[in-house]
Every structure is written in structure tokens, then in C-alpha cells.
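Q: here is a sequence with its predicted model. Questions after.
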Amino acid sequence: MAPIIELRNVSKSYGNREVLRGINFRIEVGETKIVLGGSGQGKSTILRHILGLEKPDEGQILVGGVDIVPLEEVELVPVRKKMGMVFQEASLFDSLSVFDNIAYRLEEELVPDDEIIKTTKRLLHLVDLQDDDLVKLPSQLSGGMKRRVAIARGMAGTHNIMLYDEPTAGLDPITESHITKLIIRLRDLEKVSSMIVTQDLISSFQLMTMCAHREEGKGVEVKVNPAHPCTSRTNMVILKDGRILTEGNLAQLLASTDPYVQEFLSSLRLLATHPAT
Amino acid sequence: MENISLSESIKTLLLDIQEAFGLWWQGFLSAFSRPFYVEDTLEELEAIGVGSLPVILLTSFFTGAVFALQTTDILRQYGSAASMGQLVSFTMIRELGPVLTALMFTGRVGAGIASEIGGMVVSQQVDALRALGTDYMKKLIAPRILACIISLPVLTAICDLVGTFSGQILTTFQIHQNPHVYWNSVQSHLKIEDFYYSFFKAIAFGIIVAMVACYQGLKTSGGTRGVGRSTTYAVMTSSILIIASDFFLTKAINLLIAYGPHH
């Protein structure tokens, strides 16, 4: 099957600063790709390129087999409708309520009103928010709640690709864990292909070792299960100086002899040795 | 060195105007293709047009009155107090109405548009709109452009009327002139051509305010400080463009009337 997203030799510079240098990678249907790297390594820039918010200087970006680089803003609209995006700062529409934020895309797609209400409430509950929150404005929400609303907004509509830009940055450990488990649930239960740009090693470790199951009478459970096939569909890419340094699953990355990868993943190594932590 | 930086500044200004006009044109055209954001346009019309009404009513009332106050003595000296209506209406409709309304409009609406769009840019809300598959030109720019072009001629007409009316009130109370004398003077001297000035200038100024404000808003960078900077530039640039273009527009309308279909 053709990859759902593919980057071919993508390069981008801002002035004299090269941010991306010949990036190549692909995301298969149902795969989750975690992009790790230090600050300013071009992680978020990759996401912005996949959405067509920016154009590369060189290379091709294929979404669903279509090269989006030559497309005009108007032509990019249907391509973007295939994807959901969660921005680093949530970027909710601050003059719209939680309901209107989540329902935004459905309203744009002229979905009937009763269907909009049903879908919006389903998404709200999926991200562990309550009906009372629907009337709130973004300014009345905590950081974690904003991020959850952003995920629900990204999920609304008919698409199965999610892009997350630092979804857990700046959150407390409990909210961070909730958001990560939510991403796992979307991956395993809603079969969403995703790309997660992050610096959060704990969250990355959870994504690579945990699976979500719907169990009779118990609802949805997210448990550590490194042997389950869902974790094998989660891979990691490490960026350094605008290049892909290495790519693979958890075991492959931990076995890497590259000093930067070893240093970068030192705390992940600790987690792998003592998963209970 | 100074010459180089001056020529560079002029070049930058011209490039900015070219880009801003390109954006305006693209936004204007996008209003006429699907999907139509009728509700957004009506909301903007209410916020921009109806919302500007109080400030336009107040300023036009006092401007008409003060103009009459300043000129009554001069006209009386020449024994032409009966021409007061002609003078006030002529000045309001041809010049003061469109320019004053546009300047008040840019202070209120231009600043509002630039800061609103600028705030959305720096908080990545415009990117979020685009990421959600919305054409931001249609959703954000086109409704504001249409609202400016529709509102400004209407507000200008109201300004012309209120200014002329306040001139009459002042004349009645100041020199005890019969209102009939004032309105006769207005009616007998005003021509349809005088309204061309008001109408065409108002449309041109509406284009300028929307063009500059949307452009400055979209190119905002640098957080909240950047939003403030964009707002200031938007008001400053459009005010200068309004006053400068007023001269050329007056000249162009003069020519249009002189060589137009009636001649």
C-alpha cells in the first residue's frame, strides 16, 4: 500500500540558516511516527510543510500519493481536510466557545445540526471533557484542557491522519500522561495514522510500549504491552541539524551506537530498563 | 548614503503597496466564488458599518457646525450669508464628508481589523484555520473587504447629510437665518456631479482601509508588540494614503465630469 505521507529529499532554509536538509521519510497507513530532536532542529517545520503551510526549497511532499508542493492555497484546502492538526499552543479560536471550536470543521462541511451536536459531544467525551465545558471560552480552560479541545477539534471531520506539534509540552505529568494515552487510544481504537513532533521522552516511551484495548464491562484500558502489534506500528525518527540521524523502533534506537542518539535517549534507556518508573 | 536609504525606503513602500493591493484583489475576487461566507460578511457589516455609526454621527455633526461657525462672519462681510447652505453642503459632500469619515473609519475599523488579524496570526489561529481546510482569504479577508466597501459610502452619505444639517442648525441659532433660506441655497446649487465626489472617494477610501489593515494584520510578527506595531502602521499608512489619494481622486473626478458622457 502507498504511504499516507511521504517526504522526498525535502530541504528548507530561512536566509542562510538551513533548517531541513534532504529529509526523506514515509508514514504508512496506520503507522505512528514520533519525530524527536532538540529545539530548532526543524521538527515543527516538517509538520508545517506536510500541511502545506510552508513550501520547501527543494523536494517533494506526497500526501495520499499527491505532491502538494506545487499546489496553490485554494488547491491545498481539500488536502488539509484529510488531516487533523494539534498545534503546540493549541491555537484555539479564542472568540469561539469549546463547542464552536470542535464543531468548526463540521460546520464548514455543512454537516446537519443534529449530527454536529452528536459528533461534537462524542469527541468531547473522547478527550475526557464534560458537557459543561462546551459553553466555555478557551480563556476559561487550563493548558491541558485547551490541548484536549485542540485534539478533539483536530479529530472532527472525515480524516484519519493526525499531526501533533509538541502535544504534551508545558503540561503537568498527569495531564501529559492523559494526553499521551488519548493519542494511544486514537491510534489503536480509531486507527488514526499520526505524526508526533516532541521532545518528551517519557511520552514517546509510553507511545512505543503501551496499547489501548476496549474491554467488556471495563471500557477502554491503556496498558503496557510492548509485544502487541500496535506498538510495532510506532516508530521514531531523530533529527539533528536538519537531517534524519536515525530511524527505527524502540529496540533499534536503543541499540544505536551513535553518541548523539545515545545521549539523547539516555533517560529512555533508563525507562526501558525500569519500565515501572 | 542617505539617498540610498531613501530610495530603498520608497522601493519598500511601493513593494508593500503592490503586495497589499495584490492581497486585496485576491480577497475581493475570492468573495465571488464558493463557499460564500454570507453570515461572516453580515457580522462584519454590523460590526464595521453599524458599529461606526455613533462616531460618524458625532464627528459629522460637530464638523458641520464648526465649519458654519467659522464661515458665517466671512460670508456676512461679503453679504452672502444666504449662500451658507451651498457652502456647507458643497464642502461636506465634495471634501469633508468622505475624508473625515474615512479618517474616523480607519482609526476605528482599520485599527480593529489589523489588530484582530494580527492577533490571530501571532497566536497561530490563522494557521489553525488553514490547517482545518479553510480558505482564510474567503473566511477572514473577503468579508472585511466587502464590509468596508459597502459601509464607507453609506457612512459618508450619512456624514454629508448630518454635517449639512448641523450647519443649518448653527446658522439658524447664530445668525437667525430662516431654515428655508439655508435649504433653498442647498437645493438650488447642489448638482448630481457633487455626489460623484462623495461616492467614488468613499469607495476608494474603503478599498484603502481594508487593503492596508488586512495586509498589515497578515504580515504581523513578533508577538503582542508586533500586533501593536501592525495596528499603528495600518492607521498611519491608510491615513496618509487617504489624504494623498484625495488630491488625485479629486483631479480624476474633475476630469471625469469635464469629459464625461454629459459633455
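A: Perfect, I can see it now. Numbering: from 1, shown residues only, chains lettered A, B, ... in the order given.
Q: what residues does the stretch 101-250 of chain B put near chain A?
A: Contact residues, the stretch 101-250 of chain B versus chain A (C-beta under 8 Å from any C-beta of the partner chain): B:123-125, B:127-135, B:137. For glycine as for every other residue, the C-beta is placed from the backbone atoms N, C-alpha and C.
Q: ok, A:Gly52 touching A:Pro78?
A: No - between A:Gly52 and A:Pro78 there is no contact under C-beta atoms under 8 Å: 10.9 Å.
Q: closest to B:Ala65 out of the residues of the stretch 101-250 of chain B next to chain A?
A: Distances from B:Ala65 to these, taken as C-beta to C-beta, are shortest for B:Met137 (42.6 Å).
Q: adding neighbour count, write the residues of the stretch 101-250 of chain B next to chain A out as JSON lines.
A: Compiled in JSON lines, these are given as follows (neighbours: other C-beta atoms under 10 Å in any protein chain shown):
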{"residue": "B:Ser123", "neighbour count": "21"}
{"residue": "B:Gln124", "neighbour count": "19"}
{"residue": "B:Gln125", "neighbour count": "23"}
{"residue": "B:Asp127", "neighbour count": "19"}
{"residue": "B:Ala128", "neighbour count": "25"}
{"residue": "B:Leu129", "neighbour count": "20"}
{"residue": "B:Arg130", "neighbour count": "22"}
{"residue": "B:Ala131", "neighbour count": "26"}
{"residue": "B:Leu132", "neighbour count": "23"}
{"residue": "B:Gly133", "neighbour count": "21"}
{"residue": "B:Thr134", "neighbour count": "21"}
{"residue": "B:Asp135", "neighbour count": "21"}
{"residue": "B:Met137", "neighbour count": "20"}
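Q: can you put those in a markdown table and add secondary structure?
A: As requested, those are exported to a markdown table (DSSP: H, G, I helix; E, B strand; the rest coil):
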| residue | secondary structure |
| --- | --- |
| B:Ser123 | coil |
| B:Gln124 | coil |
| B:Gln125 | helix |
| B:Asp127 | helix |
| B:Ala128 | helix |
| B:Leu129 | helix |
| B:Arg130 | helix |
| B:Ala131 | helix |
| B:Leu132 | coil |
| B:Gly133 | coil |
| B:Thr134 | coil |
| B:Asp135 | coil |
| B:Met137 | helix |
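Q: all strands of the chain, in order?
A: Going with chain A. Applying DSSP state E to chain A gives strands spanning A:5-14, A:17-27, A:32-36, A:58-63, A:66-67, A:83-86, A:161-165, A:193-198, A:210-215, A:219-224, A:234-240, A:243-248.
Q: and those strands, which is most packed in?
A: Among the strands of chain A, strand A:83-86 has the highest mean neighbour count (mean count of other C-beta atoms under 10 Å in any protein chain shown), at a mean of 27.
Q: ok, residues contacting that strand?
A: A:47, A:50-51, A:63, A:147, A:150-151, A:153-157, A:159, A:161-165, A:167, B:128, B:131-132 (C-beta atoms under 8 Å, 6 or more residues apart in numbering or on different chains).
Q: so what's the residue count around B:Lys219?
A: B:Lys219 has 18 neighbours, counted by other C-beta atoms under 10 Å in any protein chain shown.
Q: so it touches B:Val227, yeah?
A: No - judged on C-beta under 8 Å, B:Lys219 makes no contact with B:Val227 at a distance of 11.5 Å.
Q: for residue 51, give me its contacts.
A: Since you didn't name a chain, this refers to chain A. By C-beta under 8 Å, 6+ apart, the neighbours of A:Leu51 are A:Arg80, A:Met83, A:Met85, A:Leu163, B:Arg130, B:Ala131.
Q: try again with chain B
A: B:Arg108.
Q: could you measure from the nearest residue to B:Lys138 once chain neighbours are set aside over to A:Leu20?
A: In space, and not counting its chain neighbours, B:Lys138 is closest to B:Ser30: 4.8 Å by C-beta to C-beta, 6 or more residues apart in numbering or on different chains. According to C-beta to C-beta, to the nearest Å, B:Ser30 and A:Leu20 sit 31 Å apart.
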